[in-house]
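**Student:** Dropping a prediction and its sequence here:
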Amino acid sequence: MKIENYVRDIQGFPKEGILFKDITPLLNDVEARQECLSILLNSLKDQKIDKVVGAESRGFFFGMLLAQELNAGFIPVRKPNKLPYETISASYELEYGFDSLEMHTDAIKAGDRVLIHDDVLATGGTAGAVCELVEKLGGTIVQCNFLMELTFLNGRDKIKEYPIFAAISY
């Protein structure tokens with residue numbers, strides 16, 4: 001089964017000139033979803049993981065499944081003012097400006113072995129900010145794990161000091 005057959009292209013979303021990779025068909029198909037989860041898990045080669053960090057919002061889908069399978073805690077990383085407890089934040093550059101992400105201050109303890117998961121590695125800004133948050137709290141990044149990588153955007157360059165895995169590359 002090729003999981004890339006369950007990712008559809010949407011031209012002009014969210015704005016003209018963008019070709020969006022829609023994963024909802026993959027999420028909707030039980031066998032494809034299970035195959036994708038298996039691919040993501042196999043990339044870890046029996047690594048011990050204490051926490052899985054999922055980036056808002058599509059990183060939550062497989063992030064939770066990975067945490068469940070790995071018997072690990074799950075940590076949501078969200079846009080500002082979405083988390084109810086005390087947070088730390090990291091900013092990252094967008095095409096036109098900056099954005100930031102937040103994580104609860106008690107989410108990671110020093111020495112926790114952390115898997116970072118998001119749906120796509122594009123320019124690397126989000127992944128870089130998440131790595132910064134994990135390291136601020138003393139976590140050890142075991143791997144940055146993605147459903148897909150858009151290689152032509154060179155996002156891997158921003159997180160090259162960490163092991164990186166993508167189930168699909170474009």
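**Tutor:** Nice, thanks for sending it over. On a predicted model such as this, the values are computed, not experimentally measured, just so you know. Residues are numbered from 1 along each chain as shown.
**Student:** Compute the first-to-last residue distance for stretch 9-28.
**Tutor:** Start-to-end span of stretch 9-28 (CA to CA, to the nearest Å) is 16 Å.
**Student:** swap that for stretch 109-118, please
**Tutor:** Start-to-end span of stretch 109-118 (CA to CA) is 21 Å.
**Student:** Tell me where the chain has helices.
**Tutor:** Shown for the chain, the helices assigned by DSSP state H span residues 24-28, 30-42, 59-70, 125-136.
**Student:** neighbours around residue 74, how many?
**Tutor:** 18 (other CB atoms under 10 Å). Placement of C-beta: from N, CA and C, glycine included.
**Student:** Which residues are in contact with the nearest residue to it once chain neighbours are set aside?
**Tutor:** Distance criterion CB to CB, 6 or more residues apart in numbering; nearest residue to residue 74, sequence neighbours excluded, is residue 67 at 3.9 Å. The contact partners of residue 67, by CB atoms under 8 Å, 6 or more residues apart in numbering, come to 51, 52, 54, 73, 74.
**Student:** which of the residues you listed has the most neighbours?
**Tutor:** residue 54 (27 neighbours).
**Student:** Test my guess that it contacts residue 72.
**Tutor:** No: contact criterion CB atoms under 8 Å: residue 54 and residue 72 do not qualify, at 11.3 Å.
**Student:** Which pLDDT does the model give the residue lying closest to residue 56 once chain neighbours are set aside?
**Tutor:** In this structure, residue 56 finds its nearest non-sequential neighbour in residue 78, 4.7 Å apart by CB to CB, 6+ apart. Looking at residue 78, its pLDDT stands at 98.
**Student:** In stretch 54-63, which residues are buried?
**Tutor:** 54, 55, 56, 58, 59, 60, 61, 62, 63 (16 or more other CB atoms under 10 Å).
**Student:** Compute the distance between the last one and residue 127, please.
**Tutor:** Pointing back at residue 63 there. Distance, residue 63 to residue 127, by CB to CB, to the nearest Å: 13 Å.
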